[in-house]
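J.: Mind looking at a prediction? Sequence and model below.
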Amino acid sequence: MAKTMTPTITMITDFGNYDPFVGIMKGVILAVNPSVRIVDLTHEIERHNVEEALYALSCSCRYFPEGTIHLVVVDPGVGTGRRPLLVEWENSVFLAPDNGALSMLFADAGKCTVREITAQEYLRKPVSQTFHGRDIFAPVAAWLSRGVSPKKMGPKISDYKQLNIPQLLITEEGLRGEVIHVDRFGNLITNIQRKHLEAFEDQEFVAEVGGKQFHGFYPSYAENKSDAPGMILNSFDLLEIFCFMGSAQDKTGIRRGDRVHLYHGWK
Amino acid sequence: MAKTMTPTITMITDFGNYDPFVGIMKGVILAVNPSVRIVDLTHEIERHNVEEALYALSCSCRYFPEGTIHLVVVDPGVGTGRRPLLVEWENSVFLAPDNGALSMLFADAGKCTVREITAQEYLRKPVSQTFHGRDIFAPVAAWLSRGVSPKKMGPKISDYKQLNIPQLLITEEGLRGEVIHVDRFGNLITNIQRKHLEAFEDQEFVAEVGGKQFHGFYPSYAENKSDAPGMILNSFDLLEIFCFMGSAQDKTGIRRGDRVHLYHGWK
Amino acid sequence: MAKTMTPTITMITDFGNYDPFVGIMKGVILAVNPSVRIVDLTHEIERHNVEEALYALSCSCRYFPEGTIHLVVVDPGVGTGRRPLLVEWENSVFLAPDNGALSMLFADAGKCTVREITAQEYLRKPVSQTFHGRDIFAPVAAWLSRGVSPKKMGPKISDYKQLNIPQLLITEEGLRGEVIHVDRFGNLITNIQRKHLEAFEDQEFVAEVGGKQFHGFYPSYAENKSDAPGMILNSFDLLEIFCFMGSAQDKTGIRRGDRVHLYHGWK
C-alpha cells in the first residue's frame, strides 16, 4: 500500500510558527505535487542551532515509513557557497544544507549516499540568497515525492561537513556523557544509552552534573514520590533526569551541554 | 462519501510544538495507515493538566464528522498501572489514559461504551514506560482508522476514573459557577450556559468574581464601547467576561478556577 | 492533475495554537469536504492586528497553486454589521471579514471581484455572534472546495473597507518607507523594493531609522562579518536590515511601523 502511494515529507526548521515561511514552503511543495502529505516535526528549533535540528531529526526519522523525505532547514549559511545536500539512508531521503545537520547519518557512512544538489531544473527560479527552503529544498522534495530519482539531483560527494556528535567517554570512575536536550517538560536528556547502563550491576549508579548528585533510578515518572529529581531510561533508551510533575531544569539549573558523570554508587 | 473514506484522527496533548513528540506519533500513525488525515486540536495544554485537555476536547469534538478518532494524551501517570482507555460515544472513538480526560463522555454514561485497551497486537513494541502516546495510543488510533473494530482492543470496564466537572450551584441569590477557561484573547469563560440565563428576566444580572462586579451584557464584543469588561454569550453558549480589543484577564487578574456568582441586578 | 483535485484551503488567524479554535474550524471544513487539504499559514497574528494578517497573506498567497482558497480570520468586529467577504483574484479565492485584511487585492482593483457573502444555505446554523470563523468562513471555504461557484455566495459589492498600505514617498534626499514586519529572526523588513534600489548607483545608499544609520549592503547574511547590522534584499525582494546570527531588532530597538529614510551615501 505504502509503495504505490506518494510518500510523506517531514519538516524541521527554525522558522517558528509566527511567520508564514513554513506555509510558503508547503505552497511551493503543493504546487509541484498536490497530493503529497506533509508532517511538521518542529519549527521551534532555536535560531541557527544546527545541533538542535540534528537531535530532533535523529530521534524522529526512524518512526516514519520507508520512502519518507525529511527536510531539515536550519541554515545560517544560506546564500553563501555552502552546498545543498541530498542523502539517501535506509530507504529514506534527507535534504539539508551542508552544515552538519545530517551528521548522524554520516556516522553510518557505509550505508548512506551523499549528493550535492546541482540540478537546476528542479529549483524554483530565481533562487534567492536568503530562503533556500523555499527555492531549493521544498521544490526538490516535491519532485522527489513525484518519483524523480535522487540520482538526477546531482553528483555524489564525500567532503561534506560533519559535526562532532557528543561522545561518551569511559573514565576511571565510570562514564562521562552530556545533556544533549532539555524537553518541554524540563526533562534533562543525556547521551547515555540503555546499553551503557548494563555495566552497572543492580542499577546502582549515581549521576553527577554541575556538582549535583542524582541517585534514584525509576521505572516510571510517577514512581518517584520524592521531591528530589530521579533518573529514568526514557522512550528513546536514553538516561534522563526528571522531576515528577515538575521541571528538572527549573529545579537544578542544568542546561543542554552540561557534562554528566555516571559512576557506581553504594546503597 | 465520508463513510467509505478513511476517518480523521485528532490530537490533544501537552507535548508542545518544540519537541518532535507529536511528529513522532504522526510517523507511527502513517506507518500503519498512510492515507489517514490528522488534525491537531492543541498541543499547548499546560503540562500534566488533565482538566485543560478535558475542556479542549469537550468544546471541539462535536464539530468533527462521525467516525472521527480523538486522541487525548496528557498523561502524568504514564508507565504506572493506569490503564489506556477506548471510549465509543456518538459514533466517534476516543483514546486516552484512564485519568479522567474523557469525563464529559462518562457524564453521558448511558450512551458511551468504555473499554480498556489490552490487545497487544496493535501496540508498538516494546512499549516504553514514558511515551504511551507513541507506543499505545498512536498505533491503536491508526489501526482503528483502518477499520479494526473497537471490540478487538479490549474488554468493557466500568470502574474508570472520573474527574469532578465544575458544577453550577443554585444559591439564594442566584447561581454560583466558575471560570473554566481563559482563552488566548484573555476572555474569561464560565460554565454558566445560555439556558441558565433564561431564569433572569430582561438579561438583568450581575456577575461577581473575586470581589469585582460586571454589569453589561452585550450581543457582540464590539458593542462594548466602555473600558469596563462586559459579558457575552460566546459561540459555545457559555457566559464569558471580555474586554473589547483587550484582555479581561490582564485587566481583572481573574484566573481559571475562580468562582463566579451571578445574581439579579437592578438598573 | 491539480485541476481535478480538490483545492487547498489555507488559514491565517489570530487564534493562536493554545485554544482549539483552529482545530474546530478544520472539523467544520472536514465535515463538509473530508478530502480537502488544509495548510496553516500562521495563527500567531497579534490579537486583532489586521495589518499583520494582510502582510502574512500578501507574502504567502502567490506560492500556492491556482484554485487555492485563502481564509483570513482576524476579526475584532465579529458579530457587528461588518460583512463577510469573498474575493476572486488571479484564479484564487479569498475569504475574510470586511476589515481591510484583503486590501492588497483591492489595490489591484481591475482584476479582483469582491462579493458579500449573503447565501444562508452554506453557513453553519445558528451563526454565533463571536466565532464567524467557525460558522461562516470555514463552511463557505469547504463548500467552495467542493465546487460551489463563488457567484452563489452573494452579490458583488464595491464599497468594501480598504486599509492604507504603507506607501513609499520620494523625498528630496531619497526615499521614505517604513518597517512593515519584524520576523522571528529579528530581521527588520521594509517596504522598499528591489526596483526602488535601482535608482541608487553602485548600491551606495544609507538607511536611517530612528536616528541610527545603516551602511553595508550584502549579498547574503553570512557575508556581513561585522557586528553592525547590515542591509540585504530578502527573498521577497524587500530591503531588510539584519544581524548575522543575531536579532537586528534586539540590537537596535527598531519596531514595526518605524520610518525608514534611504538616501545616497558616499564611501
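T.: Structure received.
J.: Contact partners for A:Ala228?
T.: A:214-216 (Cβ atoms under 8 Å, 6 or more residues apart in numbering or on different chains). Every C-beta, even on glycine, is put in place using the N, C-alpha and C of the backbone.
J.: among those, which ones are buried?
T.: A:Phe214 (16 or more other Cβ atoms under 10 Å in any protein chain shown).
J.: Identify, from the contacts of A:Ala228, the entry nearest to chain B.
T.: Distance to chain B across the contacts of A:Ala228 (Cβ to the nearest Cβ) is lowest for A:Gly216, with 14.6 Å.
J.: is it true that that closest one touches A:Asn224?
T.: Yes: at 6.2 Å, A:Gly216 and A:Asn224 qualify as touching, with contact defined as Cβ atoms under 8 Å.
J.: Stretch A:125-143 near chain B anywhere?
T.: No: judged by Cβ under 8 Å from any Cβ of the partner chain, stretch A:125-143 stays clear of chain B, getting no closer than 15.7 Å.
J.: I'd like to know how far A:Leu169 sits from chain B.
T.: 26 Å (Cβ to the nearest Cβ, to the nearest Å).
J.: residues from the stretch 1-150 of chain A in reach of chain B?
T.: Going by Cβ under 8 Å from any Cβ, the residues of the stretch 1-150 of chain A near chain B are A:1-2, A:5, A:8, A:10, A:12, A:17, A:37, A:39-44, A:56, A:59-60, A:63-65, A:68.
J.: of the contacts of A:Ala228, closest to B:Leu163?
T.: Set against B:Leu163, the nearest of the contacts of A:Ala228 by Cβ to Cβ is A:Gly216 (29.7 Å).
J.: Nearest to chain B within the stretch 151-267 of chain A, name that residue for me.
T.: Counting by Cβ to the nearest Cβ, the stretch 151-267 of chain A gets nearest to chain B through A:Ser220 (2.8 Å).
J.: Could I get the phi/psi values of that residue?
T.: Backbone torsions for A:Ser220, taken as degrees, to the nearest 10, come to phi -150, psi 160.
J.: ok, now which ones touch it?
T.: A:232, B:78-80, B:129-130.
J.: one more time with 7 Å, if that's ok
T.: B:78-80, B:129 (Cβ atoms under 7 Å, 6 or more residues apart in numbering or on different chains).
J.: Buried ones among those residues?
T.: Buried residues within the contacts of A:Ser220, counting neighbours by 16+ other Cβ under 10 Å: B:78-79, B:129.
J.: quick one: which of these is nearest to chain C?
T.: B:Val78 (22.5 Å).
J.: Checking my notes, that closest one in a helix, right?
T.: No: according to DSSP: H, G, I helix; E, B strand; the rest coil, B:Val78 belongs to no helix; its state is coil.
J.: what packs against the longest strand along chain A?
T.: In chain A, taking DSSP state E as the definition, the longest strand is strand A:174-182. Here strand A:174-182 touches strand A:188-193, strand A:259-264, going by 3 or more Cβ pairs under 7 Å, 6 or more residues apart in numbering or on different chains; DSSP states H and E.
J.: tilt between that strand and strand A:259-264?
T.: 140 degrees (axes from the mean of the first three to the mean of the last three Cα atoms, to 10 degrees).
J.: In CSV, could you pull the C-alpha coordinates for strand A:174-182?
T.: Extracted C-alpha coordinates of strand A:174-182, given in CSV (Å, rounded to 0.1, in the frame of the first residue of the first chain):
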residue,chain,number,x,y,z
GLY,A,174,32.6,5.3,35.2
LEU,A,175,31.2,7.3,32.2
ARG,A,176,31.3,10.9,31.1
GLY,A,177,28.4,12.0,28.9
GLU,A,178,26.5,15.1,28.4
VAL,A,179,23.0,16.6,28.5
ILE,A,180,22.0,16.7,24.8
HIS,A,181,18.5,18.0,25.1
VAL,A,182,16.0,19.6,27.5
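J.: Now, of the residues of the stretch 1-150 of chain A next to chain B, which are buried?
T.: Counted by 16+ other Cβ under 10 Å, the residues of the stretch 1-150 of chain A next to chain B give A:2, A:8, A:10, A:12, A:17, A:37, A:39-44, A:56, A:59-60, A:63-65, A:68 as buried.
J.: Strands - which of the residues you listed land there?
T.: Going by DSSP E, the strands hold A:8, A:10, A:12, A:37, A:39-42 from these.
J.: Could you dump the residues you listed into TSV and include distance to C:Ser158 and pLDDT?
T.: Converted to TSV, those look like this (distance: Cβ to Cβ, whole Å; pLDDT from 0 to 100):
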residue	distance to C:Ser158	pLDDT
A:Thr8	45	97
A:Thr10	45	98
A:Ile12	46	98
A:Arg37	41	95
A:Val39	43	98
A:Asp40	40	98
A:Leu41	46	98
A:Thr42	45	98
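J.: for the helices and strands packed on strand A:174-182, which one ends up most surrounded?
T.: Among the helices and strands packed on strand A:174-182, strand A:188-193 has the highest mean neighbour count (mean count of other Cβ atoms under 10 Å in any protein chain shown), at a mean of 23.
J.: got the contact list for the helix or strand that comes right after that strand?
T.: Going down the chain from strand A:188-193, the next helix or strand is helix A:194-197, by DSSP states H and E. Residues from elsewhere that reach helix A:194-197 (Cβ under 7 Å, 6+ apart): A:168, A:175, A:233, A:237, A:239.
J.: Can you point out the buried residues in helix A:194-197?
T.: Here helix A:194-197 shows A:196-197 as buried, counting by 16+ other Cβ under 10 Å.
J.: what is the rounded mean pLDDT of that helix?
T.: In this model, helix A:194-197 has a mean pLDDT of 90.
J.: any idea which helix or strand comes after that helix?
T.: strand A:205-209.
J.: Tell me the helices and strands packed up against that next one.
T.: strand A:212-214, strand A:259-264.
J.: how about the residues of the stretch 51-200 of chain A near chain C?
T.: Within the stretch 51-200 of chain A, the positions near chain C by Cβ under 7 Å from any Cβ of the partner chain are A:76-80, A:128-131, A:134.
J.: make it 8 Å
T.: So the stretch 51-200 of chain A meets chain C at A:76-80, A:128-131, A:134-135 (Cβ under 8 Å from any Cβ).
J.: I figured A:Tyr122 hits A:Pro139, correct?
T.: Yes: with contact defined as Cβ under 8 Å, A:Tyr122 counts as touching A:Pro139 (5.8 Å).
J.: Which one's more surrounded, these two?
T.: A:Pro139 (22 against 18; other Cβ atoms under 10 Å in any protein chain shown).
J.: now the more buried one: how far from chain C?
T.: 11 Å.
J.: Repeat that for A:Lys156.
T.: Counting by Cβ to the nearest Cβ - A:Lys156 and chain C are separated by 26 Å.
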